[in-house]
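Asker: build me a model from this:
(chains A and B)
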Amino acid sequence: MDIDLLIIGAGAAGLSAALGAWEAGCRSILIADRRSRPGGILEQCIHPGFGADLTGPEYAAALFSQLQNTNAELRMETEVLSVSENREAVLSSGAGLERVRFSHLILASGCRERPLGALNITGTRPEGVYTAGQAQEMMNLHDQDPGERILILGSGDLGMIVARRCVLRGKRVIAVVEKTEKYTGLARNYHGCIEAYEIPLWTRTTVTELHGTPGLEGVTVRSLDTNAERFVACDTLLLATGLIPEQTLVSGLGAPAWLHLAGNCNHVHDLVDSAAQEARTVGFEIIKRT
Amino acid sequence: MKRFDVIVIGGGVLGCFMARNLCRWDLSTALLEAREDVCTGISKANTAVVYPGYDHKPGTLKAELTVRANRAFGMLCEELDVPFSRCGSLMVACGEQGAAILRKKLRNGLESGVPDLRLLEREELLALEPELTEAVTLGLYSPTAGTVNPWALGIAAMENAVANGAVFCPNSPVIGIREEQAGYAVQTEGETFFCRAIVNCAGLQSVSVQELLAPSPVQLRITAGDYLVLDPLTAHMPKHIVQYEPEQGKGLTAVPTVEGNLLLGPSEREGSDYGTDRRGLDFVRKMTRRVLPKVDLNDTIRTFAALRPNPERPNGSSIRSFVIDHPAEGFWSFLGVKTPGLTCADQLGSYVALQVAETLNARENPHFQPIRRGIPKLHGLDFAARQQRIAENPEFGQVVCFCEDVTLGEIRAAIRAGAVTVDGVKHRVGAAMGRCQGSRCRLKIEALLREEGVYGH
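Answerer: Below you'll find the model as predicted:
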């Protein structure tokens, strides 16, 4: 099929980009997303704090209802296999493959999390180590617990929010471990998640080694001030050690004029409103310019 | 009570090929594996190199089998439908000590019949492999060296053995062996097997398995090594296997794997579990910066440790050759097979299968079918071929592992082919092996394992 605008990702950024483009007059928009429901990562963010204090799914639903007023076409459970220099994307779903030719592409594919292998942590590779987002997905979308005695590495917003979520599910969060002198997420998340639930925050500290096999039995934590190391028993380690903008699909394409990045795959935003606003502007400007 | 002609103990890559080669004879064969799947020990963590054969003293079994194995490797991988990349290797030196070793290896190789070996001077070397450090002075080029995925090879051999009638028994650690009339009783935690012959391929446990029946002539000193795996998208990937021979001490092997990753390692140190070690990893990083200075180590997606059994005589002196012990009638033991065990697994299996067959007066099996077909990959197919596969089964249209482009249909096929864990799925179809290391697909794979009724480990 031929369209004016292909958007990859139906999270906050992708939906907002579609709304911006529609507002600017674009009437040929296709959004492709690998998940089964629109909203992207918002679907698993069931805590309030999005926009005017909505939960993630509520925020996504609000965007999605605005999209209903447009003729943008949404393809869920659809993976974009490739994007080529001649402005053609190949989409895959249970229905088959489809070639989509487009005038503009907005990549709104969010982030992936930094995995254990990319961190300088030695020792065994036991069960019980997850990224924070993975643990959030387990708890909030599948009603599964990652473990009972949990240590969290990284005090960004995701680390702090997941720490609170574990406590709310009745789990013991031994500590949130942070290498800098202070938590790195938003103050409101520190107050609302860490302080309010009396979760220990170990600053100037890091995890250096994992112990146990096949399941995690504990970790070595190191004080970055004294270099003293000690063993901390735990059955679960959650890694909230950073988000990497997901640009793999367009790596190697350079920066052609038709390619645009929006939301967290462009850079990591602290607030969903700012990612959505940026994406809306990107969508609007592309169409206005042409 | 179960009766077989031969019991193979241990389902590493060697045990898998032992079982497959026994199937070439009219011998009923069972393979007892302590864990839930094949290739979970030494074979899981490995340098993945198919060696050309110049590392060993000419005339030794190691040299002879390696040269023969290398020559046959392409055909073996075609029979078993396993990706094999004959990318060639460059052993490089940056000084006179290293160069002397290269010249010695060249002489060994020529004498052992390694084809197409030649020494390359600096300029030719850098033209062939521009990622190398400018400090190189000499290289030994071996175009026949290659790389294979060790667990893909082991799984393929086992599947082919099972298709030819062998019985695979997972979760069956052997706890006792006793002589019986005309054979042995092999006891696992759950049951007792009777057999006419035993081949012990238990790797790190091979000495303790032998000692269930007979004393061992060797002991195993276990050493560990650390590796890094880099994202296939990393820049400055060498095209050849690069082996660095430093002026003193241990060097480095860098392998562009069949999956497209760059594998770097190993260090060498004491160690008895699969945990990685900081100093070991730092050593690998240091060596990488020295020989492949443009490689960006920030592209590391995984680190792992390997264990090696080093056979030693009772006086502590190390043994360089393969130790194949035959302590009793109808009982063979591979004691501490290490490098080039992956290269030689099929040859070693064939070599001992012949001895077993002679002892048991077995005839060749005229029905042996050497061809095995793996689970076809969707990734890499052209549009029409991929479209065709999805039309046959819509689950081939649903991508589950985004990093490695692995579909629901392939993952289900892996489970039906014997995967019972996420690792088992990884090893069969490559899901969760990519840059996110399964953080986006692991839960879906676990759900699918439960759906297929096999998940419980």
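Asker: what kind of secondary structure is residue 98 in?
Answerer: Just so you know, I chose chain A. The three-state label given to A:Glu98 by DSSP: H, G, I helix; E, B strand; the rest coil is strand.
Asker: my bad, the chain I had in mind was chain B
Answerer: Strictly by three-state DSSP, B:Gly98 counts as helix.
Asker: any figure for the gap between B:Ile9 and chain A?
Answerer: Per C-beta to the nearest C-beta, to the nearest Å, B:Ile9 is found 22 Å from chain A. From N, CA and C alone the C-beta is placed, and that goes for glycine too.
Asker: identify the residue spatially nearest to the residue minimising distance to the centre of chain B, adjacent ones excluded.
Answerer: Closest residue to the average C-alpha location of chain B: B:Pro150 at 2.9 Å, with C-alpha atoms, centre = their mean. Among residues not flanking B:Pro150 along the chain, B:Asn46 sits closest, at 4.4 Å (C-beta to C-beta, 6 or more residues apart in numbering or on different chains).
Asker: buried ones in the helix or strand A:Leu81 falls within?
Answerer: Assigned by DSSP states H and E, A:Leu81 belongs to strand A:79-84. Neighbour-count burial for strand A:79-84, counted by 16 or more other C-beta atoms under 10 Å in any protein chain shown, picks out A:Glu79, A:Val80, A:Leu81, A:Val83.
Asker: can you tell me how far the third one sits from A:Leu259?
Answerer: A:Leu81 sits at a distance of 17 Å from A:Leu259 (criterion: C-beta to C-beta, to the nearest Å).
Asker: for the first one, same thing?
Answerer: Applying C-beta to C-beta, the value for A:Glu79 to A:Leu259 is 19 Å.
Asker: the second one now?
Answerer: Here the distance between A:Val80 and A:Leu259 works out to 13 Å (C-beta to C-beta).
Asker: show me the contacts for B:Thr300.
Answerer: A:Gly117, A:Ala118, B:Leu228, B:Val229, B:Leu230, B:Asp231 (C-beta atoms under 8 Å, 6 or more residues apart in numbering or on different chains).
Asker: ah, wrong one, I meant A:Thr124
Answerer: A:Leu210, A:His211, A:Gly212, A:Thr213, B:Asp273, B:Tyr274, B:Gly275.
Asker: so which of these wins on neighbours?
Answerer: In terms of neighbour count, A:Leu210 stands highest of the contacts of A:Thr124 at 24 neighbours, by other C-beta atoms under 10 Å in any protein chain shown.
Asker: which residue ranges of the chain form helices?
Answerer: With no chain named, the answer covers chain A. Secondary structure of chain A (DSSP state H): helices at A:12-23, A:56-67, A:132-142, A:157-168, A:187-189, A:272-289.
Asker: let me rephrase: I mean chain B.
Answerer: Going by DSSP H, chain B shows helices at B:13-22, B:61-80, B:96-112, B:122-128, B:150-163, B:206-210, B:278-291, B:341-359, B:383-392, B:408-416, B:422-429, B:442-451.
Asker: report the buried residues of the third one.
Answerer: When you say that, I think you mean helix B:96-112. B:Gly98, B:Ala99, B:Ile101, B:Leu102, B:Lys105, B:Leu106, B:Asn108, B:Gly109, B:Ser112.
Asker: would you mind measuring from the third one to chain A?
Answerer: Spelled out, it's B:Ile101. 31 Å.
Asker: the nearest residue to that residue once chain neighbours are set aside: neighbour count?
Answerer: Nearest non-adjacent residue to B:Ile101, counting by C-beta to C-beta, 6+ apart: B:Glu245, 5.1 Å away. Neighbours of B:Glu245 under the rule other C-beta under 10 Å: 23.
Asker: list the residues that contact B:Glu245.
Answerer: B:Met91, B:Val92, B:Ala93, B:Gly98, B:Ile101, B:Leu102, B:Gly251.
Asker: which one of the residues you listed is nearest chain A?
Answerer: B:Gly251 (21.7 Å; C-beta to the nearest C-beta).
Asker: closest to chain B among the buried residues of strand A:79-84?
Answerer: A:Glu79 (3.8 Å).
Asker: beta-bridge partners for that closest one, please?
Answerer: In this entry, A:Glu79 is beta-bridged to A:Ser92, by DSSP bridges.
Asker: kindly report the residues of the stretch 51-200 of chain A close to chain B.
Answerer: A:77, A:79, A:81, A:90, A:92-97, A:99, A:112-113, A:115-118, A:120, A:122-125, A:130-131, A:133-134, A:137-138, A:142, A:144 (C-beta under 8 Å from any C-beta of the partner chain).
Asker: buried subset of those, written for ChimeraX?
Answerer: Restricted to buried positions by 16+ other C-beta under 10 Å, the ChimeraX selection for these reads:
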select /A:77,79,81,90,92,93,94,96,97,112,113,115,116,117,118,122,123,124,125,130,131,133,134,137,138
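Asker: quick check: buried residues in the helix or strand of chain A with the lowest mean pLDDT?
Answerer: Least confident element among the helices and strands of chain A, by mean pLDDT, DSSP states H and E: strand A:48-50 (a mean of 92). Within strand A:48-50, the residues that qualify as buried are A:Gly49, A:Phe50, counting by 16+ other C-beta under 10 Å.
Asker: what packs against it?
Answerer: Other helices and strands packing on strand A:48-50, by 3 or more C-beta pairs under 8 Å, 6 or more residues apart in numbering or on different chains; DSSP states H and E, are helix A:56-67.
Asker: what residues of the helix it packs on count as buried?
Answerer: Neighbour-count burial for helix A:56-67 [16+ other C-beta under 10 Å]: A:Gly56, A:Pro57, A:Glu58, A:Tyr59, A:Ala60, A:Ala61, A:Leu63, A:Phe64, A:Leu67.
Asker: so can I have CSV of the residues you listed showing pLDDT and distance to A:Thr184?
Answerer: Below are these laid out as CSV (pLDDT from 0 to 100; distance: C-beta to C-beta, whole Å):
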residue, pLDDT, distance to A:Thr184
A:Gly56, 97, 21
A:Pro57, 97, 26
A:Glu58, 97, 26
A:Tyr59, 98, 23
A:Ala60, 98, 26
A:Ala61, 97, 30
A:Leu63, 97, 27
A:Phe64, 97, 31
A:Leu67, 98, 33
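Asker: can you pull the alpha-carbon coordinates of stretch A:192-200 into PDB?
Answerer: Extracted in PDB, the C-alpha atoms of stretch A:192-200 (Å, rounded to 0.1, in the frame of the first residue of the first chain):
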ATOM      1  CA  GLY A 192       5.900   9.000  46.800                       C
ATOM      2  CA  CYS A 193       7.700   5.700  46.300                       C
ATOM      3  CA  ILE A 194      10.800   5.500  48.500                       C
ATOM      4  CA  GLU A 195      10.100   7.800  51.400                       C
ATOM      5  CA  ALA A 196       6.400   7.000  51.800                       C
ATOM      6  CA  TYR A 197       7.100   3.300  51.900                       C
ATOM      7  CA  GLU A 198      10.200   3.500  53.900                       C
ATOM      8  CA  ILE A 199      12.300   1.700  51.300                       C
ATOM      9  CA  PRO A 200      16.000   1.900  52.100                       C
END
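Asker: got the buried residues for it?
Answerer: In stretch A:192-200, counting by 16+ other C-beta under 10 Å, buried: A:Gly192, A:Cys193, A:Ile194, A:Ile199.
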